[in-house]
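[1] give me coordinates for this.
(one chain, ligands or ions: 2)
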Amino acid sequence: MALKITFLGTCACDFSPRLKTDLRDKLDKDVRRSSSMLINDTLLLDCGTHTINSLDILKIPYEQITDLLITHLHDDHFDVENIKKLALNRHTPLRIWVREDATLPEIPNTQINKMTLFERYLISDNTYATGMMANHDESAFPQHFLIESEKKSIFYGCDGAWLLNKTYYHLHKRHLDVAVFDCTTGDYEGEWRIGEHNGIPMLRVMLPSLKSVEAITDKTKVYFSHLAPSLHKSHDETEKIAHTLGAFVAYDGLCIEA
Ligand SMILES: [Zn+2]
Ligand SMILES: [Zn+2]
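    Ligands and ions are numbered 1, 2, ... in the order given. Here you go, the predicted model:
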């Protein structure tokens, strides 16, 4: 059975003021919301600033979301007020998965599950998640995810620059079906955020190397996400650049099958 993946938000944190005015109830490829992705309508990766707003626009009921996996605790990925709304009307507590050294505030009707890096956890009937080291602000307890379900595997690497050694080796020969990479910065040199985010020149180097170790293959659907609109050209222009790398650019509301 195919997996359904919905991008709820694909932005770094330079949000447009238009999200509070004419685009409050509308998704737009160039006016991105906070980074978040939903798998099979039940497993949510991050619940940040706009995740509830995106779910509302896409008419996805919150009650069916059983598990929330947290990549890290920056506001654009972890918003307590929005997580409260997710958990509010559930019959069973919302399960939250987070790195074991992170401390979370009390959130009613949730159950916290602490994750050790590189251990594989059964999330639901047939879905497993592994947290892997990420090169990002360590005070936010970052982790990338490997999600395995229905014989499919998905890499989710927002936020983080490059791949740290152990994570890189963990992905060897995975033949990922879908790989989502941080692409905060655009196609230029001299970018100072290289210690925490990817830019297009970095992905241009990384993707062929990841192919050489069979982490990804010609069949892998590679997506760039977590884009800062102020550091990129338009979505359509960026999509053309991504195509030359064999990749796609995610946008808010994009729904794909793995
Ligand atoms: Zn972020
Ligand atoms: Zn971050």
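
[2] which helix or which strand is home to the closest residue to residue 24 other than its chain neighbours?
    Of all residues beyond its chain neighbours, the one nearest residue 24 is residue 53 (7.7 Å), with distances taken as Cβ to Cβ, 6 or more residues apart in numbering. The C-beta positions use only the backbone N, C-alpha and C, and glycine is treated the same way. Taking DSSP states H and E as the criterion, residue 53 maps to helix 51-57.

[3] how far away is the residue nearest to residue 24 from residue 258?
    In this view, residue 53 and residue 258 are 25 Å apart by Cβ to Cβ, to the nearest Å.

[4] now the lengthiest helix in the chain: mean pLDDT?
    In terms of residue count, the longest helix belonging to the chain (DSSP state H) is helix 200-212. Mean per-residue pLDDT for helix 200-212: 98.

[5] could you give the average pLDDT over the helix or strand following it?
    Downstream of helix 200-212, the first helix or strand assigned by DSSP H and E is strand 221-225. Average pLDDT, strand 221-225: 98.

[6] after strand 221-225, next one along is what?
    With elements assigned by DSSP H and E, the helix or strand that comes after strand 221-225 is helix 235-244.

[7] coming back round to it: report the distance from the longest helix of the chain to the chain centre.
    19 Å (Cα atoms, centre = their mean, to the nearest Å).

[8] how about stretch 216-225?
    Averaging C-alpha coordinates over stretch 216-225 and over its chain gives two centres that are 14 Å apart (Cα atoms, centre = their mean).

[9] mind listing what's buried along it?
    By neighbour count with 16 or more other Cβ atoms under 10 Å, stretch 216-225 contains the buried residues 216, 220-225.

[10] swap in stretch 86-93?
    Residues 86-87, 90 are the ones in stretch 86-93 that count as buried (16+ other Cβ under 10 Å).

[11] kindly export stretch 21-35 (C-alpha atoms) in CSV.
    Output for stretch 21-35, consisting of C-alpha atoms alone and laid out as CSV, is shown next (Å, rounded to 0.1, in the frame of the first residue of the first chain):
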residue,chain,number,x,y,z
THR,A,21,-4.0,39.2,5.8
ASP,A,22,-5.0,38.1,2.3
LEU,A,23,-3.4,34.7,2.6
ARG,A,24,-4.7,33.8,6.0
ASP,A,25,-7.0,31.1,4.6
LYS,A,26,-5.1,30.2,1.4
LEU,A,27,-2.0,28.3,0.6
ASP,A,28,0.5,29.8,-1.9
LYS,A,29,3.7,28.3,-3.3
ASP,A,30,5.7,31.5,-2.7
VAL,A,31,4.3,32.4,0.7
ARG,A,32,5.3,29.4,2.8
ARG,A,33,4.1,28.4,6.3
SER,A,34,6.1,26.8,9.1
SER,A,35,7.8,23.5,8.2
